[in-house]
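> based on what follows, work out the 3D shape:
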Amino acid sequence: MAQTPESDPACDVAHGTAEGGAAERTLVAVFASPVAAYLLRYGHDLGFSTVLVEPDPERARTAGAVTSVPELDETADIVVTDHHREELGEVLRDALAQPARWIGVLGNPRHEGPHVAALEALGVPAADIARVHRPVGLNIGSRTPAEIAIATLAGLLADRNGRPGGFEF
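Numbers count the residues shown, from 1 in each chain. Presented below is the predicted three-dimensional model:
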C-alpha cells in the first residue's frame, strides 16, 4: 500500500491499521527477582520470546525458570537482575560464550560492577568482559522494579533500533 500524505506507517501501526512487523527476538532475565518478573511481563508485551534463568534449583522450580543459560543466537538480549549473587561470574561467563546481541548487569553506575572481578577470577578475557554493559537502561530516575524494567527495555529498544535514547548517564 502506497503511503499518502495523510498516511504515516508509524501512525498506522499505533492506530492498529497496520502490523508492526516485529523481528524475532529473545529476552533472557537472569535471577528470579521482582525486576526480572516485570522485564519478562513487559518484554512479552513487546514481542520478545522470554526466558528466566535461575541457577538455584529450588528457586528455579518455584519461579518456573531454567537453571542455566540456554543456547541463544544473535537476537538475544540478556539482563542480569542481581549483581550480588555468588553465581554472577559463572552465569555471565556462560552468557558471554553465546553470540547474544547484548548482555547487561543492573547496578549503580557510581560503583564498579562486581561482575568485573568475578569474570577476571574465572579467567575471562578483558575483551569479553567489555561486552557486558553496566549500567543498563535509560537514565529516567527509576526506583521501583517496574520502573527499572521499563527503563531497561526502553534502553534495549533504543540500542536495537540505533537510536540515541541509549545508555548514557
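> helices or strands next to the longest helix along the chain in the packing?
For the chain, the longest helix by residue count, based on DSSP state H, is helix 145-160. If you count contacts as 3 or more CB pairs under 8 Å, 6 or more residues apart in numbering; DSSP states H and E, helix 145-160 packs onto helix 34-45, strand 76-80, strand 102-105. Glycine gets a C-beta too; all of them are placed from N, C-alpha and C.
> export the first one to PDB, keeping only CA atoms.
Put plainly, it is helix 34-45. This file holds the C-alpha atoms of helix 34-45, laid out as PDB (Å, rounded to 0.1, in the frame of the first residue of the first chain):
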ATOM      1  CA  PRO A  34      11.000  -8.500  41.100                       C
ATOM      2  CA  VAL A  35      12.800  -6.700  38.300                       C
ATOM      3  CA  ALA A  36      13.000 -10.000  36.300                       C
ATOM      4  CA  ALA A  37       9.300 -10.600  36.700                       C
ATOM      5  CA  TYR A  38       8.500  -7.100  35.200                       C
ATOM      6  CA  LEU A  39      11.100  -7.500  32.500                       C
ATOM      7  CA  LEU A  40       9.500 -10.800  31.400                       C
ATOM      8  CA  ARG A  41       6.000  -9.500  31.600                       C
ATOM      9  CA  TYR A  42       6.600  -6.200  29.700                       C
ATOM     10  CA  GLY A  43       9.100  -7.900  27.300                       C
ATOM     11  CA  HIS A  44       6.400 -10.400  26.300                       C
ATOM     12  CA  ASP A  45       4.100  -7.500  25.500                       C
END
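> whichever helix or strand comes after it: which residues count as buried?
Tracing the chain past helix 34-45, the next element assigned as helix or strand by DSSP states H and E is strand 49-53. For strand 49-53, burial by neighbour count (16 or more other CB atoms under 10 Å) applies to 50, 51, 52, 53.
> thanks a lot, catch you later.
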